[in-house]
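Q: Next come a sequence and a model predicted from it.
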Amino acid sequence: MSETTIPIPSGAVASERGTYLETIHSWIVTVDHKKLGIMYIVYALLFLVIAGVEALLMRIQLSAPNLHFLSPQTFNRMFTMHGTTMVFLVGMMILFGFGNYLIPLMIGARDMAFPRLNAFSFWLSAFAGMLLYFSFIGGSGLPGTGTAPDVGWFAYAPLTERAFSPGHTIDYWTVAILANGIGSIGTSINILATVFCMRCKGMTLMRLPLLAWIYATMSFLTLVAISPLTAAQAMLMMDRYLGAHFFDTQAGGSAILWAHFFWIFGHPEVYVLVLPAFGFANEIIPVFSRKAIFGYPAMVAASVGIAFISLSVWAHHMFTIGMTSYGNAFFTLSTMLVSVPTGIKIFNWLATLWGGRIRFQTPMLFAIGFLFQFLIAGLTGIMLSISAWDWQLHNTYFVVAHFHYVLVGAIIFMIFSALYYWYPKMTGRMLDERMGKWHFWLMVIGFHMTFDLMHIPGLLGMPRWIYTYGADRGWGTLNMLVSIGGGIQGIAILLFVINMVWSYFKGPHAGPDPWDAWTLEWSTASPPPVYNFAREPVVESRRPLWDLKHPEDPDSAFD
């Protein structure tokens, strides 16, 4: 019996292939803020997985005394690449992605102010990440280089000087951070111009969504903070190749100068990352509490206050270098002062929750986790702001636990909250709620097992940059539990990735406004059309979509 085949016209295959190529081409050359925002987010999520693998490799090495799972050199490379990736390629990229996608939609605009600059900034930042990771394979092929950089994400001089680090590993790090910084400056200029010049009719500054206020503040802070880092990278390249001696201590340079330049960037960078997390909370908590945000003007003032105060606290990272007592006192007080506007925000979020009809869906669960964990991070930060206390715990795992409470417990938790909240808008599909709750609880358990317990070895004197330790130190059991917690977080993130992919193809259709929200992005289709709005919106309050849905009683928002 002969087989019967169905002939397929060759033109159909070519047409299908052409469609795929056209789709890929359209994403590569796009200047649409929504596509660029999605590419930022997907790019950052890819590097989140990579950085997570690097962290797990380090935790395996530290899970028991005297292990040799990683060599000292490999451990230092994982340490450097994990920190650099999380700050520059995950935190900055994903937050700029949300800003790109949401801000024009939230203010009633059709695109960013400078679409081509927007595309240029993304591709430059994307190139920076690829260049940094090319060091793993490209470095070994160049004379005398080794592989990836191994000097920590802060790359303290003189470890970066050519006499101490020959070859090109540091060059990969320097050029990548330089390119990423230029891309960040371009995006920041674009966000500021968009927020202040592209608002729709009726949207005064005091009617702006709080997220747009936050992104304008964060962009200003980025412009100020990235510039010293960019200058320091240029000075470092001059040291390495042009005979300058800015940081070369053997030739009269100053390693302290590098520390000042880096931390003038490094501490405001924490607020560059955490301010958008605050903005996500400002939008998500009211929607799931069924109440308008409490104290809108105070929230705006607190955001601007945090940005300005954060520029004066950098040297609390440098209490142990031998500053004068006056310097220690100033930076202690300025660091404590930043807790005032931050405290205002926490009280306003709690006041918004108080008396609300709270819906415990996945975005709200992550937001509540953020509130609790950011409070603890703030309290340990106040402890470390005291120079005498910091002198005892500087460069111990107590500090590692503190800043991971900020970076993971606050920022990453609110990024997950934002992804669950705006994923339906971006894709038209809902993420699976059951898998979302599993993700949340596994993340909470793993996070607290890791970073709660990590404070204790720090108090017992465990240094930050140690790659192994003796059994007589008494740190073994705690480090094993910390490493298990890291593995649980890895499982949680894997579940989230599965949820995203499965829901993209099989998730229920979202509709334009699945959360019964109030900002303009929910007034258009999910996903939005290329032009965003067929007609320019006109707003008359801070809750424009609620006004449209309830014209008979616009002042009763969420009553």
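A: The structure has been received and is ready for your questions.

Q: Give me the phi and psi angles of residue 200.
A: Note on residue 200: backbone dihedrals following degrees, to the nearest 10 are phi -70, psi 170.

Q: Tell me how far it lies from residue 117.
A: In this structure, residue 200 and residue 117 are separated by 21 Å, where distance is defined by Cβ to Cβ, to the nearest Å. (Each C-beta comes from the backbone N, C-alpha and C, glycine too.)

Q: So those two - more neighbours on which side?
A: residue 200 (19 against 16; other Cβ atoms under 10 Å).

Q: Please tell me I have it right and that one contacts residue 532.
A: No - taking contacts as Cβ atoms under 8 Å, residue 200 lies outside contact range of residue 532: 10.3 Å.

Q: shared neighbours, these two?
A: Any residue near both residue 200 and residue 532 by Cβ atoms under 8 Å, 6 or more residues apart in numbering counts here, and that gives residue 109.

Q: What are the boundaries of the helices in the stretch 401-550 of the chain?
A: With DSSP state H, counting those that start in this stretch applied, the stretch 401-550 of the chain shows helices at 413-427, 433-459, 476-506, 544-549, listed in chain order.

Q: so what's residue 180 up against?
A: In this structure, residue 180 makes contact with 88, 89, 92, 124, 125, 128, 129, judged by Cβ under 8 Å, 6+ apart.

Q: so it is in which element?
A: With elements taken from DSSP states H and E, the one containing residue 180 is helix 169-197.

Q: Helix 169-197 and the next helix or strand after that helix, what's the angle between them?
A: Once helix 169-197 ends, the next helix or strand along the chain (criterion: DSSP H and E) is helix 210-241. Between the axis of helix 210-241 and that of helix 169-197 there is an angle of 150 degrees, by axes from the mean of the first three to the mean of the last three Cα atoms, to 10 degrees.

Q: Give me the number of neighbouring residues for the nearest residue in space to residue 191 that is not next to it in sequence.
A: Distance criterion Cβ to Cβ, 6 or more residues apart in numbering; nearest residue to residue 191, sequence neighbours excluded, is residue 219 at 4.3 Å. By other Cβ under 10 Å, the residues close to residue 219 number 27.

Q: pLDDT at residue 219, what is it?
A: In this prediction, residue 219 carries a pLDDT score of 96.

Q: Next: the one 3 residues further on.
A: On the pLDDT scale, residue 222 is placed at 96.

Q: and the closest residue to it other than its chain neighbours, how many neighbours does it have?
A: With Cβ to Cβ, 6+ apart as the measure, residue 188 is the residue that lies nearest to residue 222, at 4.3 Å, once sequence neighbours are left out. Around residue 188 sit 25 other residues, with neighbours defined as other Cβ under 10 Å.

Q: ok, now residue 123?
A: Other residues close to residue 123 by other Cβ under 10 Å number 14.

Q: got the contact list for residue 491?
A: Residues in contact with residue 491 (Cβ under 8 Å, 6+ apart) are 442, 446.

Q: Can you report how many residues neighbour the nearest residue to residue 480 once chain neighbours are set aside?
A: For residue 480, the nearest residue in space outside its immediate sequence neighbours is residue 63; the separation is 5.1 Å by Cβ to Cβ, 6+ apart. Counted by other Cβ under 10 Å, the residues lying close to residue 63 total 18.

Q: Show residues contacting stretch 455-464.
A: Contacts to stretch 455-464, defined as Cβ under 8 Å, 6+ apart, come from residues 380, 393, 395-402, 469, 473-475, 478-479, 482.

Q: same check, this time on stretch 339-350
A: The contact list for stretch 339-350 (Cβ under 8 Å, 6+ apart) reads 278, 281, 285, 293-295, 298-299, 301-303, 305-306, 309, 371, 374-375, 378, 381-382.

Q: Likewise for stretch 395-409?
A: The set of residues external to stretch 395-409 that reach it, using Cβ under 8 Å, 6+ apart, is 86, 91, 270, 273-274, 320, 369-370, 373-374, 376-377, 380-381, 384, 393, 447, 450-452, 454-455, 457-459, 461-465.

Q: circling back to that earlier point, tell me how far the residue nearest to residue 191 lies from residue 265.
A: Distance, residue 219 to residue 265, using Cβ to Cβ: 15 Å.

Q: again, but for residue 548
A: Following Cβ to Cβ, the distance that separates residue 548 from residue 265 is 43 Å.

Q: Could you do residue 407 as well?
A: In this structure, residue 407 and residue 265 are separated by 16 Å, where distance is defined by Cβ to Cβ.

Q: more neighbours, those two?
A: The neighbour count for residue 407 versus residue 265, taken as other Cβ under 10 Å, is higher for residue 265 (24 against 21).

Q: Model confidence for the nearest residue to that one once chain neighbours are set aside, exactly?
A: Distances taken as Cβ to Cβ, 6+ apart put residue 229 closest to residue 265, at 3.8 Å, once the chain neighbours are dropped. Reported pLDDT at residue 229 in the predicted model: 93.

Q: these two touch, right, residue 229 and residue 261?
A: Yes - Residue 229 is in contact with residue 261 according to Cβ under 8 Å; the separation is 7.0 Å.

Q: Name the residues of stretch 256-263 that are buried.
A: Across stretch 256-263, burial judged by 16 or more other Cβ atoms under 10 Å covers 258, 259, 260, 261, 262, 263.

Q: Now render those as a markdown table, adding secondary structure.
A: Compiled in a markdown table, the buried residues of stretch 256-263 are given as follows (DSSP: H, G, I helix; E, B strand; the rest coil):
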| residue | secondary structure |
| --- | --- |
| 258 | helix |
| 259 | helix |
| 260 | helix |
| 261 | helix |
| 262 | helix |
| 263 | helix |
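
Q: Okay then, goodbye and thanks.
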